[in-house]
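Chemist: Model the structure of this input:
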Amino acid sequence: GLYQYAHEICLLLALPVTALNLAWPQFIFSNYARPEGRDLFARVHTYFAFFLIEIAFLMSAFSGQIVSLAGLRIPRYLASAGVIPLLAGSVVFYGLSIVFASGLYLKGKTHQLAMVVAACAALNVALNIVLIPRMGKEGAALAVLVTNLLMMASVLVFAQMAFPIPFRLGRTFAGIVVGSLGIAALAFATRGHPVFAGYLPRLLASLGFTAVLVGFLRVTPAGLGNAANM
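Modeler: Predicted coordinates:
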């Protein structure tokens, strides 16, 4: 039940991913023949990655406050807060895999995508069997995170072989790593220290991470507006 509660909170991040999943094939087929098509896909990926990573960081940083607010401060719901960072990260990986799969769609190699998804589904079942008895809800969330990470990596390799697109992979993954380390450091710093467990440290960490992510991905307000209109 606590896992499901955290999962429902993470739907805030999953909804735009679902919307992209529906619209993305039509978008890439409409633009891939243009001379700037590959660069266009790479730019969309950059801004979509910025959105996903930023929202996932904010949800993770304020997971306790979000759960407390959404659950009307019911104590038993607070235990689900620790699952949110794992689930939010899994949504980031799943969302990025949608964009990374572009080459498989454009070159008619969707059977490779189906094979990857099937293999990852089997892996998820196996991980659930191993991790849930040992870790409970955290094990279930970790299983989804690992599965989506491996699916994203596999899809990226196969798709880039079929139709290379100049994604900013190093910068994107650097942002994910820094964000993950930031959430871990924030959790360590605030655990058992009520003075540092409020909104201010989380707000400062979020502002700092946003500045770092903007620098990594080199996003601009104008670019964000253009990406929203694509």
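
Chemist: Kindly export stretch 161-171 (C-alpha atoms) in PDB.
Modeler: Extracted in PDB, the C-alpha atoms of stretch 161-171 (Å, rounded to 0.1, in the frame of the first residue of the first chain):
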ATOM      1  CA  MET A 161      23.400   1.900 -34.400                       C
ATOM      2  CA  ALA A 162      20.400   2.300 -36.700                       C
ATOM      3  CA  PHE A 163      20.100   6.100 -36.900                       C
ATOM      4  CA  PRO A 164      22.700   8.100 -35.000                       C
ATOM      5  CA  ILE A 165      21.400  11.300 -33.300                       C
ATOM      6  CA  PRO A 166      23.800  13.700 -31.600                       C
ATOM      7  CA  PHE A 167      22.300  13.600 -28.100                       C
ATOM      8  CA  ARG A 168      24.100  15.300 -25.300                       C
ATOM      9  CA  LEU A 169      24.600  12.100 -23.500                       C
ATOM     10  CA  GLY A 170      27.500  13.000 -21.300                       C
ATOM     11  CA  ARG A 171      25.900  16.100 -20.000                       C
END
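
Chemist: Show me which residues of it are buried.
Modeler: Buried residues in stretch 161-171, defined by neighbour count with 16 or more other C-beta atoms under 10 Å: 162, 163, 165, 167, 168, 171. Using the backbone N, CA and C atoms, a C-beta is placed for each residue, glycine as well.

Chemist: what does stretch 126-138 give?
Modeler: Neighbour-count burial for stretch 126-138, counted by 16+ other C-beta under 10 Å, picks out 127, 128, 131, 132, 137, 138.

Chemist: Give me the subset of those that lies in strands.
Modeler: Nothing among those maps onto strands, per DSSP state E.
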